[in-house]
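K.L.:
got a predicted structure plus its sequence, pasted below:
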There are 2 protein chains.
Amino acid sequence: MTTLNDVAKLAGVSTMTVSRVINGSGYTSPAAQARVNQAIAELGYMPNVLARQLRSSRTKTLGLVLTDIANPFFTTIARGVEDAARAQGYAVMFCNTDESVDLELEYVRVLIQRRVDGVLLVPAADSSTSLDLLRTHKLPVVVLDRRLRFGEADQVRADSEGGAYDAVRHLIDLGHREIAILVGPESVSTSADRVAGYRRAMIEAGLDPASQQIRFGKYTEASGHEMTCHLLAAPTRPTAIFAGNNFIAFGAMQALRESGLEIPDDMSIVVFDDLPQGWIIPFLTVIAQPAYQIGKKAAELMLERLASDEPIEPRTFVLRSSLIVRRSSAPPRSTSKQPAPARARSMENPA
Amino acid sequence: MTTLNDVAKLAGVSTMTVSRVINGSGYTSPAAQARVNQAIAELGYMPNVLARQLRSSRTKTLGLVLTDIANPFFTTIARGVEDAARAQGYAVMFCNTDESVDLELEYVRVLIQRRVDGVLLVPAADSSTSLDLLRTHKLPVVVLDRRLRFGEADQVRADSEGGAYDAVRHLIDLGHREIAILVGPESVSTSADRVAGYRRAMIEAGLDPASQQIRFGKYTEASGHEMTCHLLAAPTRPTAIFAGNNFIAFGAMQALRESGLEIPDDMSIVVFDDLPQGWIIPFLTVIAQPAYQIGKKAAELMLERLASDEPIEPRTFVLRSSLIVRRSSAPPRSTSKQPAPARARSMENPA
DNA sequence: CTGTTAGCGCGTTCAG
DNA sequence: CTGAACGCGCTAACAG
């Protein structure tokens, strides 16, 4: 590996002059600059960022800890983070926790040891240990997608409560009265918030949430499948399902297929989470979250904090999510009493 | 930040003893170990990996440069890489080139400057500059998904030629005679190989590839849409489309919908690339690539090379891809002359 | 078994 | 405008 020293020797100057030329800091004579630049080109020299980082104790690297990068929602968030980070010369390290607190903690340790400048975190169920550790080491944190019960940190997420309200309201407007909701772990805020929005819509419509099927599981296809099977085995079958995320919806659809039930004829389905345009025959009625914006905004908050000299008060951004009506939701077959038209709040393909 | 020195002072030993305890290298007395460990716990000390890296000039970090992490094929590869890397204490830095040679080069520069130990690369169209740069800096490279025309490096990819042959053979067996193929850039090996497999199957069946529609574009939805529109506007319309990847297929399906054409009644479609189980109503007949295995194998080759003292000859692994017959392919409507049954080579849901 | 010395490659500080 | 000295935090190579 060629070093600053090699360049300095070849150019016949000191290492400091080379350093100054590279970083454009301080004063250097045009003559020196030319010689240095030529030496750099000749040697194919590339600065050792490691040494620079050790010296400055800033790595220009962010850690992004999320539950599953295979989920397009998080993939899109990741792109938002990366684009915003790269724009300011930051790199990103990705970590998949698979919703495991232990893995999360392990990754947080790795990120601390690698001295990232900040961590963007989608906290698993109970991430207090990770967050404590990060606070101890004075690393700034931005919490993504989920609400934080305790502690202070910047937070960016979509409006789960409002989105769920819109989704359920849509189903009620279509005439549904028996509406099941399938969400992830009760301890994850998105689950709780989506159930809260569900409850609000039901109560507002004079329906009793207590008589409905509200199920907590995991945000996975397998869990969605299992919960739906239980749902269908129960004595009173709902006419509509509100799935807490896209994976749960996939599992639910699989279970419905196995039972020979058609969507939306036998069962309407509305999903929290959209898929990228074109990934599926436009079919699912969804609550679309601004995933890219969530990632971008989170990275920007972090970078702003890192760039600021004065401490910044923790900020929380709740981005709007929007109902997109497609073909998976329709009035219930038997009881088409109130054929109130669905009120789409967004275009099919927003620009 | 607490340092080795702080720990050493608190434990009343030298920094070297602390270092030895932490790394389990050399001899240390149990008494010293105990005192050091207690001091570490007391201070919440975490080693500064940066300094360690600077000293040892090994970062235990791999760079993964791919074209688009939004593509589930690459997402799955990324998981394979990450899992294999983490198993040996390596971290991974992800970079999205969006198929741009310039971005690729920029990222490769970043990775070199950050002194990653090796680079896993899905080369964009003509990546010789990036590869040259990597070779100059003596960084080991594993090339993923695509074939390398020149230069030597480890390579891991799926069998594009054989997979394409199987796909087209399947369509021919169904009775199709007019089969279009839509692929990515001609300069990308997967495009060329898939066309080669296509040609072999056609010729073997006594059909003339030259009379068929063979189109090169990009591996994107927009390109798939555009190519399909051209396809449909041509005087002779094929009865089947072989789409070079999933995004091209999405664009094609969109174009078919716009033209009011039904799949598979009016047009059969077979796709190179599967989606993760459950992401779509099981519908598309596909050539499934072992994406996770590709990523895992590539990372393992790299780690093996990094761990080895002696130089290792470049190795190439071509993994089998497999036909999964679903509902998007059927005999052509008009000319159901040879209703030869499709020979599925894989179960619908392989375990 | 333990400590001392030296230096990884760079940038800050302060003299020239 | 330029250079010399020093240290970021850690570990390899020697002593002891």
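P.N.:
Okay, I see it.

K.L.:
and A:Ala233, how far from DNA strand C?
P.N.:
64 Å (C-beta to the nearest atom of the strand, to the nearest Å). (Each C-beta comes from the backbone N, C-alpha and C, glycine too.)

K.L.:
same thing with A:Asn71?
P.N.:
As judged by C-beta to the nearest atom of the strand, A:Asn71 and DNA strand C stand 38 Å apart.

K.L.:
likewise for A:Glu258?
P.N.:
61 Å.

K.L.:
now swap in A:Phe317 and tell me
P.N.:
33 Å.

K.L.:
what number of residues lie near that residue?
P.N.:
Look at A:Phe317: counted by other C-beta atoms under 10 Å in any protein chain shown, it has 16 neighbours.

K.L.:
then A:Gly163?
P.N.:
24.

K.L.:
mind listing what it touches?
P.N.:
Residues near A:Gly163 by C-beta atoms under 8 Å, 6 or more residues apart in numbering or on different chains: A:194, A:197, A:272, A:287, A:289, A:321-323.

K.L.:
quick one, phi psi at it?
P.N.:
A:Gly163 has phi and psi values of phi -60, psi -40 when expressed as degrees, to the nearest 10.

K.L.:
could you give the number of residues near the nearest residue to A:Arg149 once chain neighbours are set aside?
P.N.:
Leaving aside its sequence neighbours, A:Arg149 sits nearest to A:Ser189 (C-beta to C-beta, 6 or more residues apart in numbering or on different chains; 7.6 Å). Residues within reach of A:Ser189, counting by other C-beta under 10 Å, total 22.

K.L.:
could you do A:Leu323 as well?
P.N.:
Neighbours around A:Leu323, by other C-beta under 10 Å: 21.

K.L.:
can you check the one 3 residues further on too?
P.N.:
Summarising burial for A:Arg326: neighbours were counted as other C-beta under 10 Å, giving 18.

K.L.:
who are the contact partners of the residue nearest to A:Arg149?
P.N.:
A:Ser189 makes contact with A:146-149, A:160, according to C-beta under 8 Å, 6+ apart.

K.L.:
which of those tops the neighbour count?
P.N.:
In the contacts of A:Ser189, the most neighbours by other C-beta under 10 Å go to A:Ser160, 27 neighbours.

K.L.:
ok, that residue touching A:Phe272?
P.N.:
Yes - counting by C-beta atoms under 8 Å, A:Ser160 does reach A:Phe272; the two are 7.4 Å apart.

K.L.:
now for these two: what residues contact both?
P.N.:
A:194, A:321.

K.L.:
which positions in the stretch 1-150 of chain A make contact with DNA strand C?
P.N.:
When proximity is defined as C-beta under 7 Å from any atom of the strand, the stretch 1-150 of chain A approaches DNA strand C at A:1, A:3-5, A:15-16, A:19, A:22-23, A:25, A:47-48, A:51-52, A:54-56.

K.L.:
mind checking which of those are in helices?
P.N.:
A:4-5, A:15-16, A:19, A:22-23, A:51-52, A:54-56 (DSSP state H).

K.L.:
going through those residues, which ones are buried?
P.N.:
A:4, A:19, A:22, A:51-52, A:54 (16 or more other C-beta atoms under 10 Å in any protein chain shown).

K.L.:
by proximity to DNA strand C, which residue of chain A wins?
P.N.:
Going by C-beta to the nearest atom of the strand, DNA strand C is nearest to A:Leu4 of chain A, at 2.9 Å.

K.L.:
that residue against A:Arg20, yeah?
P.N.:
No - with contact defined as C-beta under 8 Å, A:Leu4 does not reach A:Arg20; the gap is 10.8 Å.

K.L.:
quick one: low-confidence parts of the stretch 51-200 of chain A?
P.N.:
For the stretch 51-200 of chain A, no stretch is flagged by pLDDT under 70.

K.L.:
quick one: the helices in it, in order.
P.N.:
Here the stretch 51-200 of chain A has its helices, by DSSP state H, counting those that start in this stretch, at A:72-87, A:101-113, A:128-136, A:160-173, A:189-204.

K.L.:
A:Gly63: which of those is closest?
P.N.:
The closest of those to A:Gly63 is helix A:101-113. By C-beta to C-beta, the value is 3.8 Å.

K.L.:
give me the mean pLDDT for stretch A:14-31.
P.N.:
For stretch A:14-31, the mean pLDDT works out to 86.

K.L.:
pull out the buried residues from that stretch.
P.N.:
So stretch A:14-31, judged by 16+ other C-beta under 10 Å, has buried residues A:17-22, A:28.

K.L.:
tell me the one of those residues nearest B:Ala243?
P.N.:
Nearest member of these to B:Ala243, counting by C-beta to C-beta, is A:Ile22, at 47.7 Å.

K.L.:
which residues touch the residue nearest to that closest one when sequence neighbours are not counted?
P.N.:
Nearest residue to A:Ile22, sequence neighbours excluded (C-beta to C-beta, 6+ apart): A:Pro47, at 6.3 Å. With contacts defined as C-beta under 8 Å, 6+ apart, A:Pro47 is in contact with A:4, A:22, B:113.

K.L.:
repeat for A:Ile77
P.N.:
A:Ile77 sits next to A:66, A:122, A:144-145, A:291-292, A:294-295, A:298 when contact means C-beta under 8 Å, 6+ apart.

K.L.:
and with 7 Å instead?
P.N.:
For A:Ile77, the contact set (C-beta atoms under 7 Å, 6 or more residues apart in numbering or on different chains) comprises A:66, A:144, A:291, A:294-295.

K.L.:
repeat that for A:Leu231.
P.N.:
Contacts of A:Leu231 (C-beta under 7 Å, 6+ apart): A:180, A:213, A:238.

K.L.:
contact partners for the residue nearest to A:Arg58 when sequence neighbours are not counted?
P.N.:
On the basis of C-beta to C-beta, 6+ apart, the spatially nearest residue to A:Arg58 that is not a chain neighbour turns out to be A:Asp117, at 5.9 Å. Neighbour list for A:Asp117: A:58-62, A:306 [criterion: C-beta under 7 Å, 6+ apart].

K.L.:
try it again with 6 Å
P.N.:
A:58-59, A:306 (C-beta atoms under 6 Å, 6 or more residues apart in numbering or on different chains).

K.L.:
dump those residues into a markdown table; add neighbour count as well.
P.N.:
Listed next are these as a markdown table, based on neighbours: other C-beta atoms under 10 Å in any protein chain shown:
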| residue | neighbour count |
| --- | --- |
| A:Arg58 | 12 |
| A:Thr59 | 23 |
| A:Leu306 | 15 |
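
K.L.:
now stretch A:105-119: buried residues?
P.N.:
In stretch A:105-119, the ones that count as buried by 16+ other C-beta under 10 Å are A:105, A:107-108, A:110-119.

K.L.:
what's the answer for stretch A:120-140, then?
P.N.:
For stretch A:120-140, by 16+ other C-beta under 10 Å, it's A:120-125, A:127, A:130-131, A:133-134, A:137, A:139-140.
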